[in-house]
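Asker: Dropping the sequence and predicted coords here.
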Amino acid sequence: MHADDRTLRFGICDDHIRIAWYPYTPATVFPHGQLPYEYIREISITSIPVEIRTNRGEVLLVPAVDKDAMLAAARERSIPCVRRVDVWGLILEPFVDTEFTEEHDARTRTALAESGIEDATCTRLRSRLARIVGDYNFNFIWNWWGLSLFHAFDAIQFCGSIGVSQAMSDDEYTRFYWEAMEFSERGTVISPV
């Protein structure tokens, strides 16, 4: 399997989602496994990538290879499909290759506060990720429309793989991974899908 072929990484099966390769080392499903449907609490089908929230409080990031099939599988099993506030998209806004107005920043901070993430926490998270995510975006991917938790994890692993000094140690990455899960949970549900 080619590492960049995301179509081969996930499969929708009768009683589980097959994970042929999951790249994030702290994840419970790394590097591969099965996620039984009864372990899935909800799916955010409109997120990019799709977010599968487990009963353990973990958010698994799944490429939307076939959103219709995933939506059908979720509905057949009464798994809620929702749209949530993307708190990581809001936290990572300063690292997007776009300038935002003060009014936009105020709306972002209000949305984060409504999701239980106060200014001090947001500032701490942004400071912690500035060199990793900022350097990754501005030197490698040049994303101008938005970043997500997917990009943060990719940046951490990419910087670590090329030996960039500001990359996190394995222990730091594991701690960040589970802290990131907690913050992801704070994104309020906007609507069912």
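Answerer: That came in fine, so what should we check first?
Asker: By residue count, tell me the biggest helix in the protein.
Answerer: Counting residues, the longest helix found in the chain (DSSP state H) is helix 170-185.
Asker: Same question for it: list its buried residues.
Answerer: 173, 176-177, 180-181, 183-185 (16 or more other CB atoms under 10 Å). C-beta coordinates here come from the backbone N, C-alpha and C atoms, glycine included.
Asker: Show me what that helix is packed up against.
Answerer: Contacts defined by 3 or more CB pairs under 8 Å, 6 or more residues apart in numbering; DSSP states H and E place helix 170-185 against strand 50-54, strand 59-62, helix 87-91, helix 149-161.
Asker: just how off-centre is that helix within its chain?
Answerer: For helix 170-185, the distance from its own C-alpha centre to the chain's C-alpha centre is 11 Å (CA atoms, centre = their mean, to the nearest Å).
Asker: Contacts for the very next helix or strand once past it next, please.
Answerer: Downstream of helix 170-185, the first helix or strand assigned by DSSP states H and E is strand 189-192. By CB atoms under 8 Å, 6 or more residues apart in numbering, the surrounding residues in contact with strand 189-192 are 80-85.
Asker: how close does the closest residue to residue 140 other than its chain neighbours sit to residue 92?
Answerer: Nearest residue to residue 140, sequence neighbours excluded (CB to CB, 6 or more residues apart in numbering): residue 158, at 7.2 Å. Noted for residue 158: a distance of 15 Å to residue 92, by CB to CB, to the nearest Å.
Asker: Can you lay out the helices and strands packed on helix 170-185 as TSV showing mean neighbour count?
Answerer: As requested, the helices and strands packed on helix 170-185 are exported to TSV (neighbours: other CB atoms under 10 Å):
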stretch	mean neighbour count
strand 50-54	22
strand 59-62	23
helix 87-91	23
helix 149-161	20
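Asker: Redo the ones you listed as CSV? Include mean pLDDT and distance to residue 27.
Answerer: As requested, these are exported to CSV (pLDDT from 0 to 100; distance: least, CB to CB, whole Å):
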stretch, mean pLDDT, distance to residue 27
strand 50-54, 93, 10
strand 59-62, 90, 7
helix 87-91, 95, 16
helix 149-161, 83, 9
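Asker: Thanks a lot, see you next time.
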